[in-house]
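# After the sequence you'll find the predicted model.
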Amino acid sequence: MTNSNQKGLAIITGASSGIGAIYADRLAAQGHPLLIVARRKDRLQQLATQLKKRYTVNVETLSLDLANPSDLLTLETKLKSDPVDILVNNAGSGGLGPLSSTTADKTEALVRLNIIAVTRLSQAALDGFRDRGKGTLINLGSIIAFWPSAAAAVYSGTKSYVVNFTRSIAMEFEGTDIRIQVVMPGPVRTEFFSSQGMSDSVFPDDYYITADELVDAALSGLEQGEIVTNPTMAEPKVWEDMENTRTTYFAAVSSGKVAPRYL
Ligand SMILES: NC(=O)C1=CN([C@@H]2O[C@H](COP(=O)(O)OP(=O)(O)OC[C@H]3O[C@@H](n4cnc5c(N)ncnc54)[C@H](OP(=O)(O)O)[C@@H]3O)[C@@H](O)[C@H]2O)C=CC1
Ligand SMILES: CC(=O)[C@H](N)C(=O)O
């Protein structure tokens, strides 16, 4: 397929597999030239070759460990110097298991990838978007952001951060042509579990959707102007109820008085 109507540059992190690779496919199909980023150079090059052939768009690769500050700076610098149209902050990892079974260094690396990289790259992208008056930022959250778990203390915490961070910057840029979205996947059939030495069977088979389904739904949510997209939530009222409960909570804790049960 040839794309004569070429669009602005899209950067996708974590594009060497799973959800990121599908984002790369869909954005290339829309005519965006790509910069795809991850650690595994061979995988990135393989995908770049396929996408160039399939969609006749330019696809560059950058092999970086985004948990590493100097690698992260390389991408931040690129975001500041190049006119980027779309950033998909997709690279992420789980580090699943009890906190007691991991090391502080591994935990820090997870926080660097899931929080620091997402924050610094979002900030760099938004600086450019602000200057150009437009752009799209997509951050990958997770349903586990709302589900504290003894087997995912750091992962769950980092994804809660991603949700609150993304929603807050969406408020900051409300009324502009800058689109900001956080995507909330449930279990998706990718290398997410196997890359941590875990089996996919942590969830029953029918809990999973494919990465194709996830990304197509997320892009549909983006086109519909959503800030938070819950691809597997059939009934939007569930989200409205959560939002209403959150508002009720905020009103209740803003009483200006200590609750009688603590006096
Ligand atoms: N699959 C699921 O069930 C769910 C996934 N998500 C989120 O979706 C996102 C994508 O995950 P998914 O596609 O499922 O999993 P994959 O394991 O298939 O993909 C993760 C991607 O992130 C990259 N990555 C991991 N660590 C680093 C690093 N230090 N530096 C740069 N890139 C890195 C990997 O590439 P490489 O190893 O080559 O560096 C890979 O491309 C993540 O943010 C995840 O938290 C959210 C909810 C559910
Ligand atoms: C619960 C999971 O591990 C899932 N990958 C998610 O991020 O929600």
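Now that the structure is in, tell me what you want to look at. Residues are numbered from 1 along each chain as shown. Ligands and ions are numbered 1, 2, ... in the order given.
# How far does stretch 116-127 sit from its chain's centre?
12 Å (Cα atoms, centre = their mean, to the nearest Å).
# Then stretch 166-183?
That offset, for stretch 166-183, works out to 14 Å (Cα atoms, centre = their mean).
# What parts of this protein come near ligand 2?
Gly94, Ser142, Ile143, Ile144, Gly186, Pro187, Phe192 (Cβ under 6 Å from any ligand atom). Where you see a C-beta, it was placed from the backbone N, CA and C, and this is true even at glycine.
# If we ignore the residues flanking it in sequence, what's nearest the second one?
Think Ser142. Lys159 (4.2 Å; Cβ to Cβ, 6 or more residues apart in numbering).
# now swap in the first one and tell me
In this structure, Gly94 finds its nearest non-sequential neighbour in Tyr155, 4.8 Å apart by Cβ to Cβ, 6+ apart.
# what's Ala10 sitting at in phi/psi?
Torsion angles at Ala10 (phi, psi; degrees, to the nearest 10) stand at phi -110, psi 130.
# Now for this structure: which helix has the highest residue count?
helix 153-172 (DSSP state H).
# tell me the contacts of Ala38?
Thr13, Gly14, Ala15, Ser16, Ser17, Gly20, Leu44, Ser63, Leu64, Ala91 (Cβ atoms under 8 Å, 6 or more residues apart in numbering).
# rerun that using 7 Å as the cut-off
Gly14, Ala15, Ser16, Leu44, Ala91 (Cβ atoms under 7 Å, 6 or more residues apart in numbering).
# Cross those against helices and list the overlap.
Filtering the contacts of Ala38 for helices - DSSP H - leaves Leu44.
# Farthest-apart pair in the contacts of Ala38, please.
Leu44 and Ala91 (11.9 Å; Cβ to Cβ).
# name the helices or strands packed onto whichever strand or helix holds Ser70?
According to DSSP states H and E, Ser70 maps onto helix 69-81. Taking 3 or more Cβ pairs under 7 Å, 6 or more residues apart in numbering; DSSP states H and E as contact, the helices and strands that helix 69-81 lies on are helix 118-132.
# Please repeat the previous calculation with a cut-off of 8 Å.
strand 9-13, strand 59-63, helix 118-132 (3 or more Cβ pairs under 8 Å, 6 or more residues apart in numbering; DSSP states H and E).
# deepest of these, which one?
strand 9-13 (a mean of 25; mean count of other Cβ atoms under 10 Å).
# Give me the contacts around that strand.
20, 23-24, 27, 32-38, 66, 75, 78-79, 82-91, 117, 121, 125.
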